[in-house]
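S.K.: Got a predicted model here, sequence first, then my questions.
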Amino acid sequence: MPGQDLQISQQELVFIFTTTVVFLALLITFFFIIIITYYRTNARRQKELLRAIVETQENERDRIAMDMHDELGPLLSAVKLQVGSLKSTVPVEMNSTLIETEDLLDDAIGEIRQIIRDLVPRNIDQKGLHGVLNDLKVHFETFAAVKVQLVFKSPEQRFSLQSEINIYRIIQEIVNNAAKHAQSEEVTISLNGNEDRLKIEVADAGKGFDTSLISAGSGLKNIETRIKLNDGEYQVKSEPGKGTHYLISFEKKKLV
């Protein structure tokens, strides 16, 4: 009958429409899963690349520090001994020159020891982050005439060794920039945290800069790379003549 044929046609139309909608929904879901998988894979590869870069830097620092400690340091010490032994064999009027040479060698040996300390944070596995930051304070106040104020607003919590080294390097780079480029005479380092996050603030009273003109060569690239390694977040607040303020935050679960 015509009415029945019409009814069957409508049912078929509904079936085709429903099938098409389900197919399109599955197709969209499939492409959505592919896109999410791609971005996750890409993010994981980028993080692996960042980790490889940082590990390469740390390995190179270790190698240089070891070479300086095992070869250059003893060589300069041997030269100093040779200079000292000459004082009894040369005319008296030359002794002052030899003494000055010994003093210069002492300065060189001291500089090498300090460079080694900068390259490798000493005993961070035993001292922890608070301990090596105290060493950093002593270094800058002794050798760079920069007053460093440390503010620990919560008890120290230990993280993985690599994360602690990473955080130390970030702070070290910021303080270096403050001393060398911002020409600041005072830097404040503050560590605070709650159950979930570690918050770091580093502020200086230096020249400051226009944040809209940040370039790859401004010293921020290495800082940013290390912050990203632990999925951290950061802000830089600065104005010419008004100093610079870094605000850095990490989820603690990303640091263990």
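M.R.: Done, it's in.
S.K.: Mind checking what helix or strand follows the host helix or strand of Leu150 in sequence?
M.R.: Using DSSP states H and E, Leu150 sits in strand 147-152. Proceeding N to C from strand 147-152, the next assigned helix or strand is helix 161-180, under DSSP H and E.
S.K.: Ramachandran coordinates for Asn194?
M.R.: phi -120, psi -160 (degrees, to the nearest 10).
S.K.: quick one, what contacts it?
M.R.: The neighbourhood of Asn194, defined by C-beta atoms under 8 Å, 6 or more residues apart in numbering, consists of Ser154. For every residue, glycine as well, the C-beta is placed using N, CA and C.
S.K.: let's see 7 Å
M.R.: By C-beta atoms under 7 Å, 6 or more residues apart in numbering, no residues touch Asn194.
S.K.: now it: how far from Lys252?
M.R.: According to C-beta to C-beta, to the nearest Å, Asn194 stands 9 Å off from Lys252.
S.K.: ok, now Glu58?
M.R.: From Glu58 to Lys252 the distance is 22 Å (C-beta to C-beta).
S.K.: same question, Val202
M.R.: As judged by C-beta to C-beta, Val202 and Lys252 stand 19 Å apart.
S.K.: swap in Glu156?
M.R.: Going from Glu156 to Lys252 by C-beta to C-beta gives 12 Å.
S.K.: which of these two has more neighbours?
M.R.: Per other C-beta atoms under 10 Å, whichever of Glu156 and Lys252 has more neighbours is Lys252, with 15 against 12.
S.K.: these two touch, right, that one and Asp196?
M.R.: Yes - counting by C-beta atoms under 7 Å, Lys252 touches Asp196, with 6.1 Å between them.
S.K.: which one is the residue positioned nearest the centre of the chain nearest to, not counting chain neighbours?
M.R.: By C-alpha atoms, centre = their mean, the mean C-alpha position of the chain lies nearest to Ile170, the distance being 3.2 Å. Of all residues not flanking Ile170 in the chain, Arg226 sits nearest, at 5.1 Å (C-beta to C-beta, 6 or more residues apart in numbering).
S.K.: Check this structure for its longest helix and report it.
M.R.: The longest helix of the chain (DSSP state H) is helix 2-67.
S.K.: State the next helix or strand along the chain beyond that helix.
M.R.: Proceeding N to C from helix 2-67, the next assigned helix or strand is helix 73-86, under DSSP H and E.
S.K.: buried residues in the helix or strand immediately after that next one in the chain?
M.R.: On the C-terminal side of helix 73-86, the nearest following helix or strand under DSSP H and E is helix 95-119. Buried residues in helix 95-119, counting neighbours by 16 or more other C-beta atoms under 10 Å, are found at Glu102, Leu105, Ile109, Ile112, Ile116, Arg117, Leu119.
S.K.: Wait, the second one touches Leu81, no?
M.R.: No - the pair Leu105 / Leu81 is not scored as a contact, 9.6 Å apart, by C-beta under 7 Å.
S.K.: where in the stretch 51-200 of the chain is pLDDT low?
M.R.: Along the stretch 51-200 of the chain, segments meeting pLDDT under 70 are nowhere present.
S.K.: repeat that with 90
M.R.: Flagging of the stretch 51-200 of the chain using pLDDT under 90 yields the residue ranges 51-126, 138-146, 154-156, 161-162, 176-177, 179-185, 193-195.
S.K.: For the helix or strand harbouring Glu201, what is the distance to the chain centroid?
M.R.: Using DSSP H and E, Glu201 sits in strand 197-204. Distance of strand 197-204 from its chain centroid, counting by C-alpha atoms, centre = their mean, to the nearest Å, is 13 Å.
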